[in-house]
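Colleague: pasting the sequence and the predicted model now:
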Amino acid sequence: MKQAKNEHGFTLPEIVVAAAFFCCLAVLAAWLLHPKNYELEKRNAQRWTGIAAIAQAVNRYVAANNGQLPQGLSTKAAPITSTSTGFNLCTELVPHYFPEVPLDPAGGLDLSKGDCADPKALYVSGYSIYAPDDHTVVISAPHAENGQISITRKY
């Protein structure tokens with residue numbers, strides 16, 4: 001009795017080559033389809049929104065005060081903060097021109113958890129503001145990632 005040599009199947013080297021090929025395909029697909037982290041773009045978008053809100057509040061202030069800029073603006077960049085080292089935007093603009101000072105997602109801090117116009121409020125917005133002349137205001141986000149974020153308005 002002779003056995004037929006019609007056996008079907010794969011040899012061990014064929015299986016190893018096929019497995020290695022599919023592993024390489026899986027690694028390549030994972031590398032190419034790796035999702036991008038959008039956290040940096042999200043933080044910078046929040047910064048653009050924050051300085052735009054401050055710029056709009058300054059616009060409203062200037063319109064309501066016959067073209068006058070808020071008192072106390074420095075000619076050099078000063079942080080928007082309630083401390084003596086910067087410009088306290090709350091005393092001039094909150095709550096009449098906007099509800100609250102926006103905070104930088106990485107560099108902003110509000111320790112008062114209340115109305116920032118309160119004299120006892122303690123906050124650091126993470127943004128800066130200055131007026132290089134009597135008709136220009138520059139608002140910037142010094143903690144911006146991948147480049148400078150700033151708005152310059154002439155009045």
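Modeller: Looks like it arrived, so ask away. If you're wondering where the values come from, they're calculated on a predicted model, not measured in any experiment. Numbers count the residues shown, from 1 in each chain.
Colleague: in the chain, which spans are strands?
Modeller: In the chain, the strands defined using DSSP state E lie at 78-81, 109-110, 123-133, 136-141, 149-154.
Colleague: make a markdown table from those strands and add mean pLDDT, distance to Gly72 and mean neighbour count to it.
Modeller: Quick note: C-beta positions are derived from backbone N, CA and C, even for glycine. Shown next, in a markdown table, are the strands of the chain (pLDDT from 0 to 100; distance: least, C-beta to C-beta, whole Å; neighbours: other C-beta atoms under 10 Å):
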| stretch | mean pLDDT | distance to Gly72 | mean neighbour count |
| --- | --- | --- | --- |
| strand 78-81 | 93 | 9 | 20 |
| strand 109-110 | 85 | 21 | 14 |
| strand 123-133 | 93 | 10 | 21 |
| strand 136-141 | 96 | 12 | 21 |
| strand 149-154 | 95 | 17 | 15 |
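Colleague: would CSV of those with distance to Ala29 be doable?
Modeller: Listed next are these as CSV, based on distance: least, C-beta to C-beta, whole Å:
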stretch, distance to Ala29
strand 78-81, 47
strand 109-110, 43
strand 123-133, 40
strand 136-141, 38
strand 149-154, 36
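Colleague: which among the ones you listed is found nearest to Val94?
Modeller: Val94 sits nearest to strand 123-133 of all the strands of the chain, at 10.4 Å, using C-beta to C-beta.
Colleague: which helices and strands sit right next to the closest one?
Modeller: Secondary-structure packing of strand 123-133 (3 or more C-beta pairs under 8 Å, 6 or more residues apart in numbering; DSSP states H and E): helix 39-64, strand 78-81, helix 89-93, strand 109-110, strand 136-141.
Colleague: how about CSV for the ones you listed, with distance to Pro99 added?
Modeller: What follows is the helices and strands packed on strand 123-133, written out as CSV (distance: least, C-beta to C-beta, whole Å):
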stretch, distance to Pro99
helix 39-64, 9
strand 78-81, 15
helix 89-93, 10
strand 109-110, 13
strand 136-141, 17
